[in-house]
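# Return atomic coordinates for the entry below.
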Amino acid sequence: MNIELFKKRLIKKVPQIKNVEVVTPPKVYEAYLYKYDNSDNNKKYAGIHKGEIDDHYWNSSECPEFKKVYSNVKSNLKLSFFMYGDYEEMKTKEHELLTSVDAKNNPEWYNKHNGSPGKQKLRMDKCKDLAGRINSGEFNVVDKNGDYIKEPKEEVYDLHRIQAREELIIPELVKKIRERINDVHGSTDECTPILIYEDRLGDGVDVLGDGNNTIEAAYYEKSASEVPVARVPKEEHEHLSNLELDTIGGLLNPEPKIVKEPTKPADAAKHIVKVSVKNGLEYDCEENYDYMDEIGFTNAQIKRALKLAKDEIDKKSLLLANKSFIEYGKNEARQQELKDTVEALGDNETFATSASTEYINLAKIMKLFRIAHQHNPKKRNIKVVGHHPQPSSVNKWPDEIKLHQKEIDYWILTHDDVDSFEFIIMEHLTDNKLVN
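Down below sits the predicted model:
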């Protein structure tokens, strides 16, 4: 909604309204609280309306004095839209506002009563009944063969939400759903249908009741185009309050009665290492792929698990060759060695810092350099002490340095404050000893 255009047109349409203030409404609301201020005598009128602010409703006052003022195009009225939500909730808010000033007995107010508090309904029996019917698949949109009749993901994504709260989106869950959709080249057959309440806001405007993370994942996954839906007809939900629909959303996503921690890539990696050591199988053998398929891993999770396993297997192979992989990030003595190396390389003209070769962040390095350079403009040389966190990092580094060097040559070495940029890579192997 274009708020500024709405205000401009309202003032043009109703000339006695000289000023309009609008608190930006949420994506979904059932009713709103509004207030008139008469600039000529500072009297006020407040009320609620079930609908949207642009549906050409102006007030329901029964006060003859206010009716006279309101119908006079020469009046100087200010109209404010300042609170939105469930109708019963707005009734309560109106009652609280009018009661706080005792509007019905207050000469500064046109209101002839103080309203009455709303009654938020929460009929658990009805909530549980509809939630059960939804879970049974009664409202799933399918053809005569039971196959989903899907809808374009963009159209579903743009629907109003029962509760448009950002915390309903769980990034880790969205990521996992996206990976699963990507694994099957965009198919959403295994996704739980997106729940839609038909005509919830009137005039054919539907509302999304559940499935926020699923539609978020499908919308941003390029390989997907459509999603399955479950459509609840208006006659099935129109007698329920927004609070009750929100309750149904919770009932559709209960905590499991038996709580289990799902197997993670790190856990699978440990299993793969055991298989490799005890049975002599390659880390990427067919049996390990079958194992991870059975526990429901996505392709991305399988890739992460295999990488972790390969690094651990390589470390064990080094031990057999009487060598140890140096882990600067985990060994306290090695951390101090890394710190000492950085300090030794830094001087009056050189800024030195350290970084894992897996996670070179040039922007962060340059931010630290900028701070150091501000304190000492003579520091014009940059040295980055790199350390390999895993055996696989060693083989990756030649390609990584080529990629980073292009950015260094283009963005950093052309800077007026920089004379040189150099990577110094720490040793990654040592002779195997009891303490390393």
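
# V141 and P193 touch, don't they?
Yes: counting by Cβ atoms under 8 Å, a contact exists between V141 and P193, whose distance comes to 7.4 Å. Backbone N, C-alpha and C define where each C-beta goes, glycine included.

# Low-confidence stretches in the chain?
119-121, 163-167, 255, 259, 432-436 (pLDDT under 70).

# domains for it, by residue range?
Using automatic domain parsing, the domains assigned to the chain come out as 3-105, 124-251, 265-321, 332-431.

# out of the ones you listed, nearest to P117?
Ranking the domains of the chain by proximity to P117 (Cβ to Cβ) places domain 3-105 first, at 4.6 Å.

# May I have the phi/psi pair for L77?
According to degrees, to the nearest 10, the main-chain angles of L77 amount to phi -110, psi 140.

# before we move on, back to that, who has more neighbours out of V141 and P193?
Each of V141 and P193 had its neighbours counted (other Cβ atoms under 10 Å), and the higher figure belongs to P193 (23 against 15).

# quick one on the thing from earlier: anything in contact with each of V141 and P193?
Y148, P228, V229, A230 (Cβ atoms under 8 Å, 6 or more residues apart in numbering).

# and the second one, what are its phi and psi?
Note on P228: backbone dihedrals following degrees, to the nearest 10 are phi -80, psi 150.

# Just the element for L243, please.
Following DSSP states H and E, one finds L243 within helix 242-251.

# Show me what that helix is packed up against.
Under the contact criterion of 3 or more Cβ pairs under 8 Å, 6 or more residues apart in numbering; DSSP states H and E, helix 242-251 touches helix 124-135, strand 207-210.

# could you redo those as CSV and give each row mean neighbour count and distance to Y220?
CSV is the format used below for those (neighbours: other Cβ atoms under 10 Å; distance: least, Cβ to Cβ, whole Å):
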stretch, mean neighbour count, distance to Y220
helix 124-135, 15, 25
strand 207-210, 24, 16
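
# Let's have those in TSV, adding distance to V273.
Rendered in TSV, the data for those read as follows (distance: least, Cβ to Cβ, whole Å):
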stretch	distance to V273
helix 124-135	41
strand 207-210	41
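
# what about the residue nearest the centre of the chain, distance to G211?
Note on the chain: the residue nearest the mean C-alpha position is I169, at 4.4 Å, using Cα atoms, centre = their mean. Counting by Cβ to Cβ, to the nearest Å, the gap between I169 and G211 amounts to 12 Å.

# What of F351?
51 Å.

# just I365 next, same as before
Here the criterion is Cβ to Cβ. By it, I365 lies 42 Å from G211.

# who has more neighbours, these two?
Each of I365 and G211 has its neighbours counted (other Cβ under 10 Å); G211 has more, 24 against 19.

# contacting residues for the more buried one?
Residues in contact with G211, defined by Cβ under 8 Å, 6+ apart, are T192, P193, I194, L195.
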